[in-house]
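1. pasting a predicted model and its sequence here:
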Amino acid sequence: MNTTTDHNSIASDPSKSKGRLVKEVYSLTRSEFQRDRDRILHSAAFRRLKHKTQVFVSHEGDHYRTRLTHSLEVSQIARSICRVFSLNEDLAETLSISHDIGHPPFGHAGEQALSEAMINYGGFDHNEQAIRVVHLLEKKYFDFDGLNLTWETLEGLAKHNGPIIKNVPQTIVNLNDKFNLKLNEFSSIEAQIASIADDIAYNNHDLDDGLRAGFFTYEDLKELPILSKILDEFPNNYRTRDTQRINNEITRKSTALMIEDVINTIKLNIKKFDLSSDKEVRMLDGKIASFSDKFSRDVDSIKSFLNSKMYNHDKVIKMTNDASQIITFLFRKFMDDENLMHKDFKIRLGNENKARVVCDYIAGMTDNYASEIYKSIK
């Protein structure tokens with residue numbers, strides 16, 4: 001889609017940002033959202049994403065996605081959609097590359113194990129952890145802890161999946177008390193686009209990784225409406241082509257169809273609700289960046305397929321069990337003996353809840369580091 005539609009009025013304007021918790025001098029060369037993006041890119045937590053599992057742990061192969069490559073794919077999709085509507089690409093990119101920054105090692109298995117370990121200590125949620133990272137845990141500046149991001153970035157991180165009404169995590173409660181994030185409202189259009197871009201990216205790259213791993217076949221994909229249509233349009237002799245070319249054509253076309261549907265849905269919603277400002281976007285009762293109803297059901301069928309054929313595959317289940325064992329073991333060991341932790345975390349113990357400090361330490365680990373520590377103290 002080559003045409004650009006001007007919907008600047010609903011875009012987030014960095015010159016009208018609600019600012020930062022700690023006041024700073026404005027940059028002469030970058031907008032406030034560009035500065036946020038750069039702070040994420042230069043953070044230690046962002047660099048560690050290259051060694052954090054998406055589905056496959058790193059030693060399974062160099063070509064499988066990691067949290068880092070996933071975040072970059074989300075960013076590319078989000079910027080592409082924003083460009084069609086002349087929205088703020090920098091804010092969308094910032095939210096795309098930071099949305100997974102709170103994930104622990106070993107993907108969803110690591111998150112589940114850490115959630116279970118923290119069940120009596122306030123729980124664990126990767127979205128809350130992302131806020132902890134950017135608001136508290138990064139230590140880079142003389143004048144503040146965290147990255148001192150703008151209100152719009154913090155709001156988008158906290159609410160990219162929608163308003164938070166019940167069971168608000170404590171870190172977000174504390175931040176909201178200082179910097180009212182209007183948790184009962186929807187987020188900016190850019191945050192909504194980053195969220196749907198996340199869905200588009202992981203559905204398609206997990207299809208690619210699952211095909212690469214041999215978890216399912218092209219015949220299996222014909223069960224799915226979106227992919228069946230793509231395969232039916234392939235030349236009759238497509239199976240004689242190189243496997244990776246076939247896989248790429250499938251996921252490339254599937255990604256394009258999903259992006260096109262989201263763009264069309266946004267156009268319809270802007271017209272339907274006669275939106276003319278970013279405030280009006282936030283005040284609606286639902287998202288405007290989404291799949292259409294029919295297409296959403298087709299995307300859900302892909303999610304169900306991946307859940308059955310990939311996420312619950314014996315090989316992935318074994319990785320999940322191994323990861324759970326490592327995370328659970330490390331949590332218990334550090335709770336019993338804080339001297340096993342890195343000194344930067346030990347010095348926090350006098351002022352903070354021990355379990356939360358242990359949780360922060362483990363959540364920040366890469367797959368490799370967690371495995372090495374596990375082997376060294378087991």
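-> Perfect, I can see it now. Numbers count the residues shown, from 1 in each chain.

2. grab the longest helix from this structure for me.
-> helix 243-273 (DSSP state H).

3. can you give me how far that helix is from the chain middle?
-> Here helix 243-273 is found 19 Å from its chain centre; the criterion is Cα atoms, centre = their mean, to the nearest Å.

4. please apply the same query to stretch 83-91.
-> For stretch 83-91, the distance to the chain centre is 19 Å (Cα atoms, centre = their mean).

5. same check, this time on stretch 176-192
-> For stretch 176-192, the distance to the chain centre is 17 Å (Cα atoms, centre = their mean).

6. CA atoms of it as CSV?
-> What follows is stretch 176-192, C-alpha atoms only, in CSV (Å, rounded to 0.1, in the frame of the first residue of the first chain):
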residue,chain,number,x,y,z
ASN,A,176,0.3,5.9,38.7
ASP,A,177,0.2,7.7,42.1
LYS,A,178,3.1,9.9,41.0
PHE,A,179,2.3,10.3,37.3
ASN,A,180,-1.4,9.7,36.6
LEU,A,181,-1.5,7.2,33.7
LYS,A,182,-5.3,7.3,33.5
LEU,A,183,-5.4,3.5,33.8
ASN,A,184,-9.2,3.4,33.1
GLU,A,185,-8.7,4.8,29.6
PHE,A,186,-7.4,3.2,26.4
SER,A,187,-3.9,4.1,25.2
SER,A,188,-2.7,6.1,22.2
ILE,A,189,-3.3,4.9,18.7
GLU,A,190,0.5,4.3,18.5
ALA,A,191,0.4,2.0,21.5
GLN,A,192,-2.5,0.1,20.1
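
7. what mean pLDDT would you report for that stretch?
-> What stretch 176-192 shows for mean pLDDT is 97.

8. ok, and what's touching stretch 245-261?
-> Here stretch 245-261 makes contact (Cβ atoms under 8 Å, 6 or more residues apart in numbering) with 1, 77, 80-81, 200-201, 203-205, 207-208, 211-212, 218, 221, 226-227, 230-231, 234, 238-239, 291-292, 295, 299. Bear in mind the C-beta positions are built from the backbone N, C-alpha and C, glycine included.

9. one step back: buried sites along the longest helix of the chain?
-> 246-247, 249-251, 253-255, 257-259, 261-263, 265-266, 269-270 (16 or more other Cβ atoms under 10 Å).

10. try stretch 180-187
-> 181, 185-187.

11. inside helices: which ones of these?
-> When the buried residues of stretch 180-187 are checked against helices (DSSP H), there are no matches.

12. ok, back up a step: in ChimeraX, select just the buried ones from the contacts of stretch 245-261.
-> Typed into ChimeraX, the line below selects the buried ones among the contacts of stretch 245-261, using 16+ other Cβ under 10 Å:
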select :77,80,81,200,201,203,204,205,207,208,211,218,221,226,227,230,231,291,295,299
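
13. in helices, which of the contacts of stretch 245-261 fall?
-> Counted as lying in helices by DSSP H, out of the contacts of stretch 245-261, are 77, 80-81, 200-201, 203-205, 207-208, 211-212, 218, 221, 226-227, 230-231, 295, 299.

14. so, low pLDDT: which residues of the chain?
-> Along the chain, segments meeting pLDDT under 70 span 1-8, 55-63.

15. how about residue 310, secondary structure?
-> Three-state assignment for residue 310 (DSSP: H, G, I helix; E, B strand; the rest coil): helix.

16. from residue 108, how far out is it?
-> 12 Å (Cβ to Cβ, to the nearest Å).

17. neighbour count winner among those two?
-> residue 310 (20 against 17; other Cβ atoms under 10 Å).

18. that one - nearest residue in space that isn't next to it in sequence?
-> Computed as Cβ to Cβ, 6 or more residues apart in numbering, the closest residue to residue 310 that is not its neighbour in sequence is residue 210, at 4.4 Å.

19. what of residue 151?
-> The nearest residue in space to residue 151 (Cβ to Cβ, 6+ apart) is residue 18, at 3.7 Å.

20. residues in contact with the one you found?
-> Each residue near residue 18 by Cβ under 8 Å, 6+ apart is listed here: 150-152.

21. neighbour-wise, which one of those residues leads?
-> That'd be residue 152 among the contacts of residue 18, by other Cβ under 10 Å, with 28 neighbours.

22. so that one touches residue 90, yeah?
-> No. Look at residue 152 against residue 90 with Cβ atoms under 8 Å: they stay out of range, at 10.4 Å.

23. overlap in contacts, these two.
-> In contact with both residue 152 and residue 90: 14, 33, using Cβ under 8 Å, 6+ apart.

24. how many neighbouring residues does the closest residue in space to residue 149 that isn't next to it in sequence have?
-> Using Cβ to Cβ, 6+ apart and skipping the chain neighbours, the partner closest in space to residue 149 is residue 36 (4.9 Å). Residue 36 has 29 neighbours, counted by other Cβ under 10 Å.

25. do you know how far residue 36 is from residue 161?
-> 19 Å.

26. and if you look at residue 333?
-> Between residue 333 and residue 161 the computed distance is 33 Å (Cβ to Cβ).

27. neighbour-wise, which of the two wins?
-> Legend: neighbour count by other Cβ under 10 Å for residue 333 and residue 161, higher for residue 333 (17 against 14).

28. which SS class is that one?
-> Assignment for residue 333 (three-state DSSP): helix.

29. show me what contacts it?
-> By Cβ under 8 Å, 6+ apart, the contact list for residue 333 reads 340, 377.
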